[in-house]
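Asker: I need the structure of the sequence given here:
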Amino acid sequence: MMRHCLLLLLCGSLSLVQAQPRTDTLLKNMFDREATPLLRHMLQHPDSFRYQLIYTQIDRDANNQPHFTHYYLHVDADQYFNPASTVKLPIALLALEKMRALKVRGLDGNTTMLTDSSGSGQLTVHTDSTAKNGLPSINHYIKRIFLISDNDAYNRLYEFVGQQSIHERLWKKGYKDVRIVRRFMPLSEEENRRTGAIRFVKNGKTLYSQPPAVSRLSYDYSRNIRIGAGYMDKNEHLVSEPMDFTKHNNLPLQQLQQMLQSVIFPQSVPAAQRFQLAPQDYRFLYRYMSEYPSESADPVYDTTEYFDSYTKFFLFKGTGHHVPSHMRVFNKTGWSYGFLTDAAYIVDFEHNIEFMLTGTVYVNRDGILNDDKYEYETEGYPFFRDAGNIIYQYELQRQRVYQPDLKAFRIDYRR
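Answerer: Coordinates of the predicted model:
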């Protein structure tokens, strides 16, 4: 439920009254009963921690078709959070969708993708040292995005899709409030609008050539979004005023949850809202949304840095590096400026349960942004661990009329 405003005439003057963030009784009562002391403290200070949480129950019918019930805790589309790397989810989906829509003979996700510099702030990228064959491709960039949330991979796919096309296509699907106007590198607003030329080549032959592009769209920056008590500028000088997020990326939590649902369960959303992908695209996405860095043969990662729970916030991040073998998390996380966000579909094959959790929290005790001093380890990850565990324990005892058949999500990661 989006916050709305009512103008009321009170005592001869106009007063602006805003609706409260949406909270459902099920979650409120559950967290009141089960919250750990740290989680309880955080829940008691919503203005400080800016948390939002969506819990999605999934119940199957006799034909194994899923049905969804969403429960909300302090969800407010008007409360800004920095989406950080969660914007990589729609960019990955749009890149696959665009590749399919081109209908170029011989072009697929593994075709070599060469990026050329055409202006200020752009890079020439003709190699990929993380790939076994040393060459960049859409599929390899997507692997890097989901396995370790790689920024460079996101930047290249942002350029392939193009800033204008990103918004035209997402807005057409109904994601009206999404704004993805920034790459993860130090660029100006104008530089982010511009993307260089891209070529797809195979056996020395160019299959498709994309010219440089510039976005001519206008964006709604009417909301003045300022957060914190101060921030460190690019010269590492303290600026003693709130940081301006007015022109940053924006991805409201409910729309992030809906994107994840549209990928995991495409038939559950209206046809106009789906990403137009091939069956093999979905299988590819499911694998790399749930695979651990230790299981990846291409690319290969140092698992002391990129451990199994590296991008698995709910239940597992901060509880050690191990994730039980009978559980899988299909998700996309993001972390930046003290904001932590995760959109996850969680499966327990041993107990035959499934559910979705999408949440965000802000941990920045000193109020200074861009100083790399955030309470991720002591407050942020425990928030996701404890909240996830409460929902998981509830799911373990929740009665279902029909047990789910989850074989579509059983993946042989050795192949």
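Asker: phi, psi of the closest residue to Ile225 other than its chain neighbours?
Answerer: Nearest non-adjacent residue to Ile225, counting by CB to CB, 6 or more residues apart in numbering: Phe245, 4.3 Å away. Any C-beta I mention is one placed from the backbone N, CA and C, and that applies to glycine too. The phi/psi pair for Phe245 (degrees, to the nearest 10) reads phi -110, psi 10.
Asker: show me what contacts Phe245?
Answerer: Counting by CB atoms under 8 Å, 6 or more residues apart in numbering, Phe245 touches Tyr80, Asn82, Ile225, Arg226, Ile227.
Asker: who wins for neighbours among those residues?
Answerer: Neighbour counts for the contacts of Phe245, by other CB atoms under 10 Å, peak at Asn82, which reaches 25 neighbours.
Asker: isn't that residue right up against Thr246?
Answerer: No - using CB atoms under 8 Å, Asn82 is not in contact with Thr246, being 12.0 Å away.
Asker: return the set of buried residues in stretch 60-67.
Answerer: Neighbour-count burial for stretch 60-67 flags Arg60, Pro66 (criterion: 16 or more other CB atoms under 10 Å).
Asker: what average pLDDT does it get?
Answerer: Mean pLDDT, stretch 60-67: 98.
Asker: Glu379: neighbour count?
Answerer: Applying other CB under 10 Å, I find that Glu379 has 22 neighbouring residues.
Asker: from Ser209, how far out is it?
Answerer: Distance, Glu379 to Ser209, using CB to CB, to the nearest Å: 49 Å.
Asker: and Gln44, by the same measure?
Answerer: Plainly put, Gln44 is 57 Å away from Ser209 if you go by CB to CB.
Asker: cool, and Asn331?
Answerer: For Asn331 relative to Ser209 (CB to CB), the value is 35 Å.
Asker: quick one, strands of the stretch 251-400 of the chain?
Answerer: Counting by DSSP state E, counting those that start in this stretch, the stretch 251-400 of the chain has strands at residues 327-336, 339-348, 353-362, 368-369.
Asker: can you put the ones you listed in CSV and add mean pLDDT, distance to Tyr402 and mean neighbour count?
Answerer: Shown next, in CSV, are the strands of the stretch 251-400 of the chain (pLDDT from 0 to 100; distance: least, CB to CB, whole Å; neighbours: other CB atoms under 10 Å):
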stretch, mean pLDDT, distance to Tyr402, mean neighbour count
strand 327-336, 98, 21, 23
strand 339-348, 98, 16, 24
strand 353-362, 98, 12, 25
strand 368-369, 98, 48, 22
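Asker: redo these as TSV? Include distance to Arg169.
Answerer: Shown next, in TSV, are these (distance: least, CB to CB, whole Å):
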stretch	distance to Arg169
strand 327-336	18
strand 339-348	19
strand 353-362	22
strand 368-369	31
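Asker: between the ones you listed, which one is nearest to Thr124?
Answerer: Closest approach to Thr124 among the strands of the stretch 251-400 of the chain (CB to CB): strand 327-336, 26.6 Å.
Asker: just to check, Tyr402 is in contact with Gln65?
Answerer: No - between Tyr402 and Gln65 there is no contact, the gap being 9.6 Å when judged by CB under 8 Å.
Asker: contacting residues for Ala101?
Answerer: Gln276.
Asker: and Ala84, by the same measure?
Answerer: Gly334, Trp335, Ser336, Tyr337, Phe339, Thr341.
Asker: for Leu357, state which of those residues is nearest.
Answerer: Checking the contacts of Ala84 one by one against Leu357 (CB to CB), the nearest turns out to be Thr341, at 11.3 Å.
Asker: tell me what the closest one is bridged to.
Answerer: On DSSP bridges, the residues paired with Thr341 through beta bridges are Gly334, Thr360.
Asker: alright, I will stop here.
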